[in-house]
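Engineer: Build the 3D model from these lines:
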Amino acid sequence: MKRVLFAAVLAAGALAAGPALAQQSRVGDWTIEKRTQDTHCNASRGYKDKDDENRDYVIVITYSEKAIVIVMIYGGWEWDKVGEVLRADVGTDDADIMKKAKWEVMDKTTVRGIFEYDQSMMDRLSKARRLSLDFEEDDEDSIEMQIPRAGEALAALKFCEENRK
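Structural biologist: Residues are numbered from 1 along each chain as shown. Next up, the predicted model:
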């Protein structure tokens, strides 16, 4: 009985999620998807860090010919003001990407950076294993997020963008 109930719940969940996803694929632990309600494809990766009280870390990257959007979610943040603009230096494990970049607080655990499309930025991201935000006036909330296989994920994101319907 429990197996039948479990299978029914899984099937119902798959049917409920089905219409929202037009395309989805995996690259390592990255998910590449084009949801019907979005105009662009997204590459996302989430993990829990056992060395940081098992907190959630999530990154979502999307881009178009005009902009690169990076959303970072961290379970240890407690931002106060939605809409507040923060300044942070952005870097990878081996290169600085941008000084004093603008990041908007989306909710208590989420920030979003929107940048003009720059191929050199995409190249740096594709070679990175870590992405860091060093907040200008708040070292306590600075973060380093693991992004292994970013190059493969960004290549799959590009393929998704070129083939979205």
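
Engineer: If you count residues, where's the longest strand of the protein?
Structural biologist: strand 96-107 (DSSP state E).

Engineer: Could I get the CA-only coordinates of it as CSV?
Structural biologist: C-alpha atoms of strand 96-107 as CSV (Å, rounded to 0.1, in the frame of the first residue of the first chain):
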residue,chain,number,x,y,z
ASP,A,96,38.8,39.1,-10.8
ILE,A,97,35.7,39.6,-12.9
MET,A,98,34.3,42.9,-11.7
LYS,A,99,34.9,45.5,-9.0
LYS,A,100,32.0,47.0,-7.0
ALA,A,101,29.3,45.2,-9.0
LYS,A,102,25.7,45.9,-8.1
TRP,A,103,23.7,43.1,-6.5
GLU,A,104,20.0,43.5,-5.7
VAL,A,105,18.5,41.9,-2.6
MET,A,106,15.6,39.7,-3.8
ASP,A,107,14.7,38.2,-0.4
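
Engineer: pLDDT weak spots in the protein?
Structural biologist: 1-22, 165 (pLDDT under 70).

Engineer: Quick check, central residue of it?
Structural biologist: With distances taken as C-alpha atoms, centre = their mean, residue 60 lies nearest the centre of the chain, 1.5 Å away.

Engineer: Now that residue: which helix or strand?
Structural biologist: strand 55-63 (DSSP states H and E).

Engineer: list the helices and strands the very next helix or strand once past that strand packs on?
Structural biologist: From strand 55-63 onward toward the C-terminus, using DSSP H and E, the following helix or strand is strand 67-74. On a contact count with 3 or more C-beta pairs under 8 Å, 6 or more residues apart in numbering; DSSP states H and E, strand 67-74 meets strand 55-63, strand 110-116, strand 130-135, strand 143-146. C-beta here means a position set from N, CA and C on the backbone, and glycine is covered the same way.

Engineer: closest to residue 84 out of these?
Structural biologist: Ranking those by proximity to residue 84 (C-beta to C-beta) places strand 110-116 first, at 9.4 Å.

Engineer: sorry, back to before: run the chain-centre distance for the strand holding residue 60.
Structural biologist: Distance of strand 55-63 from the chain centroid (C-alpha atoms, centre = their mean, to the nearest Å) equals 2 Å.

Engineer: That one: partners in the sheet, and parallel or antiparallel?
Structural biologist: strand 42-49 (antiparallel), strand 67-74 (antiparallel) (DSSP bridges).
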